[in-house]
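S.K.: structure for this input, please:
(one chain, ligands or ions: 2)
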Amino acid sequence: MTTIDLKVLDRRMAEQLPAYATVGSAGLDLRACLDQPITLAPGDTTLVPTGLAIHIGDPGLAALILPRSGLGHKHGIVLGNLVGLIDSDYQGQLMVSVWNRGKDSFTLQPMERMAQLVIVPVVQPTFRLVDDFDTSARGEGGFGSTGKG
Ligand SMILES: O=c1ccn([C@H]2C[C@H](O)[C@@H](COP(=O)(O)OP(=O)(O)OP(=O)(O)O)O2)c(=O)[nH]1
Ligand SMILES: [Mg+2]
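M.R.: Ligands and ions are numbered 1, 2, ... in the order given. Reported below is the predicted structural model:
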(Lines give C-alpha, C1' and ligand atoms only; values in the text may rest on other atoms or scores of the structure.)
(Ligands and ions follow the chains in the order given, each with its own letter.)
Protein backbone atom coordinates (compact mmCIF):
# COMPACT_ATOMS: atom_id res chain seq x y z
CA MET A 1 0.00 0.00 0.00
CA THR A 2 1.22 3.49 -0.87
CA THR A 3 0.84 6.26 1.70
CA ILE A 4 1.09 9.95 0.87
CA ASP A 5 1.15 12.80 3.39
CA LEU A 6 -1.87 15.09 3.13
CA LYS A 7 -2.33 18.48 4.82
CA VAL A 8 -5.68 20.16 5.26
CA LEU A 9 -5.06 23.88 4.69
CA ASP A 10 -8.67 24.97 5.02
CA ARG A 11 -10.64 23.29 7.79
CA ARG A 12 -13.77 23.07 5.62
CA MET A 13 -11.95 20.41 3.62
CA ALA A 14 -11.57 18.16 6.66
CA GLU A 15 -15.15 16.93 6.20
CA GLN A 16 -14.66 16.36 2.47
CA LEU A 17 -11.29 14.68 2.23
CA PRO A 18 -10.43 13.23 -1.16
CA ALA A 19 -11.55 9.62 -1.38
CA TYR A 20 -11.85 7.05 -4.14
CA ALA A 21 -15.55 6.91 -5.10
CA THR A 22 -15.42 3.21 -6.01
CA VAL A 23 -12.97 0.37 -5.47
CA GLY A 24 -11.76 0.73 -9.05
CA SER A 25 -11.54 4.52 -9.22
CA ALA A 26 -8.26 5.89 -10.54
CA GLY A 27 -9.04 9.49 -9.67
CA LEU A 28 -9.83 11.39 -6.49
CA ASP A 29 -12.13 14.35 -7.02
CA LEU A 30 -10.76 17.74 -6.06
CA ARG A 31 -13.18 20.32 -4.70
CA ALA A 32 -13.18 24.09 -5.18
CA CYS A 33 -12.20 25.60 -1.83
CA LEU A 34 -14.04 28.88 -2.39
CA ASP A 35 -15.86 31.34 -0.13
CA GLN A 36 -18.31 32.28 -2.85
CA PRO A 37 -19.28 31.07 -6.31
CA ILE A 38 -17.11 32.12 -9.26
CA THR A 39 -18.69 32.72 -12.64
CA LEU A 40 -16.46 32.02 -15.61
CA ALA A 41 -17.44 33.67 -18.86
CA PRO A 42 -16.66 31.69 -22.02
CA GLY A 43 -12.87 31.68 -22.49
CA ASP A 44 -12.11 32.67 -18.87
CA THR A 45 -9.52 30.84 -16.76
CA THR A 46 -9.12 31.11 -13.00
CA LEU A 47 -6.80 29.47 -10.49
CA VAL A 48 -8.86 27.73 -7.82
CA PRO A 49 -7.46 26.53 -4.49
CA THR A 50 -8.28 23.07 -3.19
CA GLY A 51 -7.54 23.73 0.48
CA LEU A 52 -5.25 20.71 0.40
CA ALA A 53 -1.54 20.01 0.05
CA ILE A 54 0.17 16.69 -0.54
CA HIS A 55 3.80 15.76 -0.30
CA ILE A 56 4.29 12.69 -2.45
CA GLY A 57 7.88 12.38 -1.30
CA ASP A 58 8.80 9.50 -3.63
CA PRO A 59 10.48 10.50 -6.95
CA GLY A 60 9.01 7.31 -8.39
CA LEU A 61 5.52 8.81 -8.13
CA ALA A 62 3.77 11.97 -9.34
CA ALA A 63 0.21 13.21 -9.44
CA LEU A 64 -1.75 14.42 -12.44
CA ILE A 65 -4.70 16.79 -12.29
CA LEU A 66 -7.17 15.90 -14.99
CA PRO A 67 -10.58 17.25 -16.02
CA ARG A 68 -13.77 15.48 -14.94
CA SER A 69 -15.44 14.06 -18.03
CA GLY A 70 -18.94 15.34 -17.23
CA LEU A 71 -17.84 18.92 -16.63
CA GLY A 72 -15.49 18.85 -19.61
CA HIS A 73 -17.88 17.30 -22.10
CA LYS A 74 -21.17 18.86 -21.05
CA HIS A 75 -20.04 22.26 -19.78
CA GLY A 76 -16.63 22.87 -21.40
CA ILE A 77 -14.96 23.09 -17.99
CA VAL A 78 -11.41 21.80 -18.42
CA LEU A 79 -7.95 22.87 -17.28
CA GLY A 80 -6.07 25.99 -18.36
CA ASN A 81 -2.87 23.97 -18.41
CA LEU A 82 -4.69 20.99 -20.00
CA VAL A 83 -3.06 18.65 -17.46
CA GLY A 84 -1.59 19.59 -14.08
CA LEU A 85 1.57 17.81 -13.02
CA ILE A 86 2.32 17.63 -9.30
CA ASP A 87 5.98 16.96 -8.58
CA SER A 88 6.88 14.55 -5.82
CA ASP A 89 8.73 17.31 -3.94
CA TYR A 90 5.94 19.91 -4.18
CA GLN A 91 4.52 20.82 -0.79
CA GLY A 92 2.33 23.80 -1.66
CA GLN A 93 -1.41 23.93 -2.04
CA LEU A 94 -2.89 21.89 -4.88
CA MET A 95 -4.24 24.47 -7.30
CA VAL A 96 -6.53 23.88 -10.24
CA SER A 97 -6.52 26.10 -13.30
CA VAL A 98 -10.16 26.03 -14.35
CA TRP A 99 -10.83 27.03 -17.95
CA ASN A 100 -14.23 27.54 -19.47
CA ARG A 101 -13.59 26.53 -23.05
CA GLY A 102 -17.36 26.34 -23.66
CA LYS A 103 -19.83 28.77 -25.23
CA ASP A 104 -21.83 29.53 -22.06
CA SER A 105 -20.94 31.04 -18.69
CA PHE A 106 -20.37 28.51 -15.92
CA THR A 107 -20.66 29.11 -12.19
CA LEU A 108 -18.39 27.06 -9.98
CA GLN A 109 -19.87 26.61 -6.51
CA PRO A 110 -17.87 26.43 -3.28
CA MET A 111 -16.91 22.80 -2.56
CA GLU A 112 -17.98 21.64 -6.02
CA ARG A 113 -15.90 18.80 -7.49
CA MET A 114 -13.99 20.48 -10.31
CA ALA A 115 -11.17 18.13 -11.36
CA GLN A 116 -9.54 14.88 -10.35
CA LEU A 117 -6.16 13.79 -9.07
CA VAL A 118 -4.44 10.62 -10.25
CA ILE A 119 -1.28 9.24 -8.68
CA VAL A 120 1.01 7.74 -11.30
CA PRO A 121 4.40 6.00 -11.40
CA VAL A 122 7.33 7.96 -12.83
CA VAL A 123 10.68 6.85 -14.18
CA GLN A 124 13.68 9.18 -14.06
CA PRO A 125 16.07 7.49 -16.52
CA THR A 126 19.66 8.37 -17.10
CA PHE A 127 20.26 9.41 -20.72
CA ARG A 128 23.01 7.72 -22.72
CA LEU A 129 24.27 9.94 -25.53
CA VAL A 130 24.49 8.13 -28.89
CA ASP A 131 25.15 9.13 -32.51
CA ASP A 132 22.76 6.55 -33.99
CA PHE A 133 19.82 4.60 -32.64
CA ASP A 134 19.29 0.87 -33.09
CA THR A 135 16.92 0.29 -36.05
CA SER A 136 13.22 0.26 -35.18
CA ALA A 137 10.11 -0.61 -37.21
CA ARG A 138 8.88 3.00 -37.14
CA GLY A 139 12.14 4.84 -37.55
CA GLU A 140 11.42 8.57 -37.86
CA GLY A 141 7.86 8.10 -39.15
CA GLY A 142 5.11 9.90 -37.27
CA PHE A 143 2.28 12.39 -37.62
CA GLY A 144 0.11 10.09 -39.71
CA SER A 145 2.90 8.06 -41.33
CA THR A 146 0.89 4.84 -40.82
CA GLY A 147 -2.09 6.23 -42.77
CA LYS A 148 -5.48 7.58 -41.83
CA GLY A 149 -8.48 5.53 -40.64
O1 LIG B 1 -2.27 22.20 -12.12
C2 LIG B 1 -1.28 22.34 -11.37
C3 LIG B 1 0.03 22.27 -11.85
C4 LIG B 1 1.08 22.46 -10.96
N5 LIG B 1 0.82 22.67 -9.64
C6 LIG B 1 1.94 22.81 -8.70
C7 LIG B 1 2.56 21.45 -8.38
C8 LIG B 1 3.78 21.39 -9.25
O9 LIG B 1 4.77 20.56 -8.67
C10 LIG B 1 4.18 22.85 -9.29
C11 LIG B 1 4.98 23.21 -10.49
O12 LIG B 1 4.26 22.84 -11.63
P13 LIG B 1 4.94 22.90 -13.07
O14 LIG B 1 6.33 22.37 -13.01
O15 LIG B 1 4.00 22.29 -14.04
O16 LIG B 1 4.93 24.47 -13.34
P17 LIG B 1 6.09 25.44 -13.79
O18 LIG B 1 5.40 26.53 -14.50
O19 LIG B 1 7.19 24.70 -14.50
O20 LIG B 1 6.57 26.01 -12.38
P21 LIG B 1 7.94 25.70 -11.58
O22 LIG B 1 8.93 26.63 -12.16
O23 LIG B 1 7.57 26.02 -10.15
O24 LIG B 1 8.27 24.25 -11.77
O25 LIG B 1 2.95 23.59 -9.29
C26 LIG B 1 -0.48 22.73 -9.15
O27 LIG B 1 -0.74 22.91 -7.97
N28 LIG B 1 -1.50 22.55 -10.06
MG1 LIG C 1 8.27 23.09 -13.55
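
S.K.: secondary structure element holding the spatially most central residue of the chain?
M.R.: Centre of the chain computed as the mean C-alpha position; nearest residue by Cα atoms, centre = their mean is residue 65, 0.6 Å away. Remark: residue 65 resides in strand 61-67, with elements defined by DSSP states H and E.

S.K.: quickly run through the sheet partners of that strand, with directions.
M.R.: strand 84-86 (antiparallel), strand 113-121 (antiparallel) (DSSP bridges).

S.K.: do you know the pLDDT at the residue nearest to the centre of the chain?
M.R.: pLDDT for residue 65: 98.

S.K.: surely it and residue 82 touch.
M.R.: No. Judged on Cβ atoms under 8 Å, residue 65 makes no contact with residue 82 at a distance of 9.9 Å. For the C-beta atoms, the positions are set from N, CA and C on the backbone; glycine is no exception.

S.K.: partners of residue 28 in the sheet?
M.R.: When bridges are called by DSSP bridges, residue 28 pairs up with residue 20, residue 117.

S.K.: what sits against it?
M.R.: 18, 19, 20, 116, 117, 118 (Cβ atoms under 8 Å, 6 or more residues apart in numbering).

S.K.: mind doing that once more with 10 Å?
M.R.: Neighbour list for residue 28: 17-21, 52, 63, 113, 115-119 [criterion: Cβ atoms under 10 Å, 6 or more residues apart in numbering].

S.K.: any idea which strand is longest in the protein?
M.R.: strand 45-55 (DSSP state E).

S.K.: any buried residues in that one, and which?
M.R.: 46, 48, 49, 50, 51, 52, 53, 54 (16 or more other Cβ atoms under 10 Å).

S.K.: do stretch 8-19 as well
M.R.: Neighbour-count burial for stretch 8-19 flags 13, 18 (criterion: 16+ other Cβ under 10 Å).

S.K.: what's the nearest residue to the residue of the chain found nearest ligand 1 if we skip its chain neighbours?
M.R.: Per Cβ to the nearest ligand atom, residue 84 is where the chain lies closest to ligand 1, at 2.2 Å. Closest residue to residue 84 apart from its sequence neighbours, by Cβ to Cβ, 6 or more residues apart in numbering: residue 65 at 3.1 Å.

S.K.: thanks a lot, see you next time.
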